[in-house]
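Peer 1: next input, structure requested:
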Amino acid sequence: MKTIKELFLENISDELYIKFFKYREKMPTKYIPDKLYLKWQFKKIMGKPLNLTPPKTFNEKLQWLKLYDRNPLYTQMVDKYEVRKYVSKIIGDEYLIPLLGVWDNFEEIEFDMLPKQFVLKTTHDSGGIVICKDKNDFDIKAAKRKIKRSLIRNYYKQWREWPYKNVKPKVVAEKYMVDESMYELKDYKMFCFNGTPKMIQVDYNRYTSHKKNLYDTDWNYMPISYNYPTDSNISIKKPVRLNDMLDLATTLSKDIPYIRVDFYSIDDKLYFGELTFFPATGMGKFSPEEWDYTFGSWINLDAAYSRRR
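Peer 2: Got it, this is the predicted structure:
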């Protein structure tokens, strides 16, 4: 169920929306130091204090990494346009979804040059996506509204996810693709801990009743819900090239305390999705809750502690 704030922002005019975000950026919260701000947000969302001395749970360690693991390369890795260069260099461009264009703002998009189907994404945030399945029925006004609103959001200031701080907002268009379902493209999200994939999250039914099933690397269902419901009655077929997917995720996550590496699987082909350092901004709820500690035990912060010294 959407909050009153979410409903309010969805239904106000673009002019008021922009004024709201400009006003929010002037609010005193922007001057709150990152550590204090994250403690306030964590208590508000998770319902308990944030422990950083030392962090133990998965969510606590992600907050610690926000504050202290600030590798300049991370900025390129979260930028949905610049990451393509990184992925091409590390594992090859054959895993990239075909790029159709990149622009600084919505008004620059050359819709006449785009195919009948395409996907628009903003490069600097989460959720700034518009899917066009048929250009003849495409609601360009609604697309403009969503993309323009996404472009003015400051993801770093909202959640203090440092890698996004210096990402320049752009709009990219990519080829529209679906998997064997013929109506969606399931994500295979590899949770990688110090270069080792240990869990795979699969998102499905995004546009109806969004759920996530979790699997271990041998494709055994894990009876855990993480921020969204899970359904043991839903059997998701093991990807044909699961082992290749795990090998590629290992390569892309090397020497990083924690990162999520996303792939899509279409027939016998793999496509890179994105890299994420802080799923659910490090405030996702586990059920049973002890898995927050189990996942946390998989993050070794020794190297990050050494870099901080």
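
Peer 1: can you tell me which residues contact the most centrally placed residue in the chain?
Peer 2: Nearest to the mean C-alpha position of the chain, counting by CA atoms, centre = their mean, stands residue 276 at 5.0 Å. Counting by CB atoms under 8 Å, 6 or more residues apart in numbering, residue 276 makes contact with 78, 189, 259, 260, 262. Backbone N, C-alpha and C define where each C-beta goes, glycine included.

Peer 1: farthest-separated two in those residues?
Peer 2: Pairwise distances across the contacts of residue 276 peak at 14.7 Å for 78 and 189 (criterion: CB to CB).

Peer 1: what's around residue 185, how many residues?
Peer 2: Around residue 185 there are 20 other residues, counting by other CB atoms under 10 Å.

Peer 1: how far does the helix or strand hosting residue 36 sit from the chain's center?
Peer 2: Assigned by DSSP states H and E, residue 36 belongs to helix 34-46. Centroid separation for helix 34-46 versus its chain: 20 Å, with CA atoms, centre = their mean, to the nearest Å.

Peer 1: check which helices and strands that helix sits against.
Peer 2: Helix 34-46 sits against helix 58-68, with contacts defined as 3 or more CB pairs under 8 Å, 6 or more residues apart in numbering; DSSP states H and E.

Peer 1: can you list contacts of whichever helix or strand comes after the helix it packs on?
Peer 2: Scanning forward in sequence from helix 58-68 by DSSP H and E, the next helix or strand is helix 73-78. Identification of contacts with helix 73-78 by CB under 8 Å, 6+ apart yields 82-83, 85-86, 161-167, 259, 274-277.

Peer 1: of the residues you listed, closest to residue 120?
Peer 2: Closest to residue 120 out of those is residue 274 (14.8 Å), distances taken as CB to CB.

Peer 1: picking up where we left off before, may I have the phi/psi pair for the residue nearest to the centre of the chain?
Peer 2: Dihedral pair for residue 276: phi -130, psi 130, per degrees, to the nearest 10.

Peer 1: okay, it and residue 39: tell me how far apart.
Peer 2: Distance check for residue 276 against residue 39: by CB to CB, to the nearest Å, it reads 22 Å.

Peer 1: what does residue 191 give?
Peer 2: Remark: distance between residue 191 and residue 39 (CB to CB) = 25 Å.

Peer 1: ok, the two, which is more surrounded?
Peer 2: Between residue 191 and residue 39, residue 191 has the larger neighbour count (other CB under 10 Å), namely 24 against 17.

Peer 1: quick check: mean pLDDT of the helix or strand containing that one?
Peer 2: Taking DSSP H and E as the definition, residue 191 sits inside strand 187-193. Taken as a whole, strand 187-193 has a mean pLDDT of 96.
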